[in-house]
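In: need coordinates for the below:
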Amino acid sequence: MTLTAAAIYVAIVLSGALGVYLRYRQGACVLAHRERVPADFAGEVSLEDHRRAADYTLARTRLATAAIAYDAVLTVAWLTVGLAPLYAVAEQHLAPGLTRSVAVVVAVMLIGHMLELPFSLFSTFRLEAQFGFNRATPGVFVRDQLQTGALWLLLGVPLLYGLFALLRAMPDHWWLFAYAGAMVVMMAMIVIYPAIVAPLFNDFVPLADGAMKSRLESLLSKCGFESKGLFVMDASKRSAHGNAYFSGMGKAKRIVFFDTLLAKHSLEEIESILAHELGHFKLGHIRQRLLLAATLALVGFAILRWAFADGGLAAQFGLPDDPGLALIIILMAGEPALHLLSPLLSWLSRRAEFQADYFAKAIVGKEAMVGALTKLSRDNLATLTPDRLYWQFYYSHPPVGARIARLNRPAPGAAPAGVD
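Out: Next up, the predicted model:
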């Protein structure tokens, strides 16, 4: 075993152990506070709702702990005993070249997805159903799986062929052209996804005329936000969770509300949720996220350049020098690295959420925002007592208690720096 291979094995195991530890902390913290509603929510959240949120969080935490341990074992198994025989089968049936490399990647992805499918089934039809969230039928679940797989193959296979063809044609500079191509695809998907991909899974209908639409359109105009319209998505056919988002670019941007969200919130609260989303737009958060994604992608392609070099990463594991194998190994080894980046990436995201909250507060006032956040937390069974280290690692949004506490402060002269 080479030093590089040993380091990757250690990183995978330690990353899995860290994930298990953090979830142990989360479970212990939530359980310790299960019997008492935090004072700031005593008038808004009942003890029964607080206990249900704790039980839901504990169930999700246990499932996530099992999934992380399973993923770590599965990854090590692929690297030690799985990839070599799979590649041997490919050698028997496919000549050396692009198709063999692509086939190996696709095979590992499909097999890996099937091996992890039991967790998705348990989460959807046992855990989410137990707490009243799941509304997906087995037919909808199977259709989603097939459509997602077909889309992945439709997009992923040509991109893999393009990547490996560039590697063969331009061995010194392929990674720069591949990076440029990836950025073009990323920008194109921002436009294509809401118009073509998302409607394959859900129905999107324009928000009905009335007081809500007039008030929300007035808010859009006030913020200088041009969009293709306000839409309602039939999220209720899969889940009772509520949410809202906007997607697309330029004048093709669209605002989407889950029907489950509209059913549970007042007009003022819906307006505050939209104002928060508009805050991300006005404060440049979307552009910042794209720049961050582009930077991480550039680093990733630079690492791939090393992994694809003669005698590169595949050889470190005693495997044939095939770019398909090297890509698989880099994807597996990249997960621990991204895990270590989680606190930084989560902090940047929480910082943006605080800023968007302040923007919404300035536009629609504090009361509507506090009411919306409290209802979202209660209706989605979000725990009010998360472990601090856990949420610093994984929460892309600040805990609801921290968000409300910030909203209750006087507006700062500058945007908040982030989580205390």
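
In: run the chain-centre distance for the host helix or strand of residue 216.
Out: Using DSSP states H and E, residue 216 sits within helix 211-222. Remark: helix 211-222 is offset 29 Å from the chain centroid, using Cα atoms, centre = their mean, to the nearest Å.

In: burial of residue 165, as a residue count?
Out: Burial of residue 165, expressed as a neighbour count using other Cβ atoms under 10 Å, amounts to 13. C-betas here are computed from N, CA, C, even on glycine.

In: for it, which non-adjacent residue is spatially closest?
Out: Closest residue in space to residue 165, ignoring its immediate chain neighbours: residue 98 at 6.1 Å, by Cβ to Cβ, 6 or more residues apart in numbering.

In: now do residue 231
Out: Counting by Cβ to Cβ, 6+ apart, the residue nearest residue 231 is residue 204, at 4.5 Å.

In: what's the separation between the one you found and residue 238?
Out: Using Cβ to Cβ, to the nearest Å, residue 204 is found at 14 Å from residue 238.

In: neighbour-wise, which of the two wins?
Out: When residue 204 and residue 238 are compared for neighbours, residue 238 comes out ahead with 20 against 15, by other Cβ under 10 Å.

In: got the contact list for the closest residue in space to the more buried one that isn't next to it in sequence?
Out: Distances taken as Cβ to Cβ, 6+ apart put residue 136 closest to residue 238, at 4.4 Å, once the chain neighbours are dropped. Neighbour list for residue 136: 124, 144, 237-239 [criterion: Cβ atoms under 8 Å, 6 or more residues apart in numbering].

In: wait, the residue nearest to residue 231 sits on residue 196?
Out: No - between residue 204 and residue 196 there is no contact, the gap being 11.7 Å when judged by Cβ atoms under 8 Å.

In: helices along the stretch 101-250 of the chain, start to end?
Out: Applying DSSP state H, counting those that start in this stretch to the stretch 101-250 of the chain gives helices spanning 128-130, 138-169, 174-192, 211-222.

In: can you list the ones you listed in a markdown table and add mean pLDDT?
Out: As requested, the helices of the stretch 101-250 of the chain are exported to a markdown table (pLDDT from 0 to 100):
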| stretch | mean pLDDT |
| --- | --- |
| helix 128-130 | 95 |
| helix 138-169 | 95 |
| helix 174-192 | 92 |
| helix 211-222 | 89 |
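
In: other SSEs contacting the least confident helix or strand in the chain by mean pLDDT?
Out: Each helix and strand of the chain was given a mean pLDDT (mean pLDDT, DSSP states H and E); the minimum falls on strand 244-247 at a mean of 82. Judged by 3 or more Cβ pairs under 8 Å, 6 or more residues apart in numbering; DSSP states H and E, strand 244-247 is in contact with strand 254-258, helix 267-282.

In: tell me which of the ones you listed sits nearest to residue 218.
Out: Closest to residue 218 of the helices and strands packed on strand 244-247 is helix 267-282 (Cβ to Cβ; 9.3 Å).

In: pLDDT of that closest one, averaged?
Out: Rounded to a whole number, the mean pLDDT of helix 267-282 is 92.

In: hey, C-alpha coordinates of that helix in PDB?
Out: Presented in PDB, the C-alpha positions along helix 267-282 are these (Å, rounded to 0.1, in the frame of the first residue of the first chain):
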ATOM      1  CA  LEU A 267     -50.100  36.900   3.800                       C
ATOM      2  CA  GLU A 268     -47.700  38.900   5.900                       C
ATOM      3  CA  GLU A 269     -45.600  35.900   6.600                       C
ATOM      4  CA  ILE A 270     -45.500  34.900   3.000                       C
ATOM      5  CA  GLU A 271     -44.400  38.400   2.100                       C
ATOM      6  CA  SER A 272     -41.600  38.200   4.700                       C
ATOM      7  CA  ILE A 273     -40.400  34.900   3.300                       C
ATOM      8  CA  LEU A 274     -40.300  36.400  -0.200                       C
ATOM      9  CA  ALA A 275     -38.500  39.500   1.200                       C
ATOM     10  CA  HIS A 276     -35.900  37.200   2.600                       C
ATOM     11  CA  GLU A 277     -35.400  35.500  -0.700                       C
ATOM     12  CA  LEU A 278     -35.200  38.900  -2.400                       C
ATOM     13  CA  GLY A 279     -32.500  39.800   0.100                       C
ATOM     14  CA  HIS A 280     -30.300  37.100  -1.300                       C
ATOM     15  CA  PHE A 281     -30.700  38.600  -4.700                       C
ATOM     16  CA  LYS A 282     -30.200  42.200  -3.700                       C
END
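
In: now the angle between strand 254-258 and it, please.
Out: Per axes from the mean of the first three to the mean of the last three Cα atoms, to 10 degrees, the angle that helix 267-282 makes with strand 254-258 is 140 degrees.
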